[in-house]
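S.K.: 3D model of this:
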Amino acid sequence: MAKKTKSDDALYLQRLKAEFPEIHAALAAGKIPSLRQALVLAGLRPERSRLEKLKNSWAKAGDAERESFLTWLASKGALPAPAATFAPNAGLQPAKTPIASGRYLLPSTIVEIRAIMARRGLKPDDVMAELGFPTDGRPLARALTRNASLRLSVIAGLEDWLRRNAGE
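M.R.: You can find the predicted model right below:
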């Protein structure tokens, strides 16, 4: 998704001024705190749901914040076990503990994969080849650095790969 440019804001401001002068005046006077809120009031933008806001916050959070959030969720009984309880270099997590949440690797899994890759001198291309996938390691590299999603078949392959490489 492309990043919004300032010209988009200018277009919305012009439209507000032309079609909804009272809302534009309230925005200019500071009675409405943000352009987005003014656009929602005018009906030009939809109200974001709590789920959309949570997804946006999750995408912007760092690894430590995500891990803390998962620990908090586990303490509330929403998750089976906190991923943060596993030390990064203490070996692989137990088999029943997932390495991913849906299509996204857990922070503790990312640390474990990076440790194995560093220990063995592997690149993401090499890991993908060991998993039996095409040697284009970009999806794995993005998952490790930007928390991008992976195909479920790659995650399943990573589970086996982590088990095989945990004891080395």
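
S.K.: Show me this structure divided up by domain.
M.R.: 6-47, 60-165 (automatic domain parsing).

S.K.: got these as JSON lines, with mean neighbour count, distance to K53 and mean pLDDT columns?
M.R.: No exception for glycine: its C-beta is placed from N, CA and C like everyone else's. Below are the domains of the chain laid out as JSON lines (neighbours: other Cβ atoms under 10 Å; distance: least, Cβ to Cβ, whole Å; pLDDT from 0 to 100):
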{"stretch": "domain 6-47", "mean neighbour count": "14", "distance to K53": "10", "mean pLDDT": "89"}
{"stretch": "domain 60-165", "mean neighbour count": "15", "distance to K53": "11", "mean pLDDT": "80"}
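
S.K.: In JSON lines, list those along with distance to L54.
M.R.: Conversion of these to JSON lines gives the following (distance: least, Cβ to Cβ, whole Å):
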{"stretch": "domain 6-47", "distance to L54": "15"}
{"stretch": "domain 60-165", "distance to L54": "10"}
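
S.K.: residue boundaries of the strands in this protein?
M.R.: Assigned by DSSP state E, the chain shows strands spanning 100-101, 104-105.

S.K.: Quick check: which of those strands is nearest to Q37?
M.R.: Nearest to Q37, of all the strands of the chain, is strand 104-105, at 30.6 Å by Cβ to Cβ.

S.K.: strand partners of the closest one, parallel vs antiparallel please.
M.R.: Take DSSP bridges as the rule and strand 104-105 pairs in its sheet with strand 100-101 (antiparallel).

S.K.: how far away is the residue positioned nearest the centre of the chain from P46?
M.R.: Geometric centre of the chain, nearest residue: A59, 3.8 Å, by Cα atoms, centre = their mean. As judged by Cβ to Cβ, to the nearest Å, A59 and P46 stand 19 Å apart.

S.K.: try K123
M.R.: Note on K123: its distance to P46, by Cβ to Cβ, is 43 Å.

S.K.: And the helices in the chain, which stretches?
M.R.: 6-19, 21-29, 35-42, 50-60, 63-75, 107-120, 124-131, 138-146, 152-165 (DSSP state H).

S.K.: Can you convert these into JSON lines and add a column each for distance to P98?
M.R.: What follows is those, written out as JSON lines (distance: least, Cβ to Cβ, whole Å):
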{"stretch": "helix 6-19", "distance to P98": "39"}
{"stretch": "helix 21-29", "distance to P98": "46"}
{"stretch": "helix 35-42", "distance to P98": "36"}
{"stretch": "helix 50-60", "distance to P98": "17"}
{"stretch": "helix 63-75", "distance to P98": "11"}
{"stretch": "helix 107-120", "distance to P98": "9"}
{"stretch": "helix 124-131", "distance to P98": "17"}
{"stretch": "helix 138-146", "distance to P98": "15"}
{"stretch": "helix 152-165", "distance to P98": "9"}
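
S.K.: Nothing else from me, thank you.
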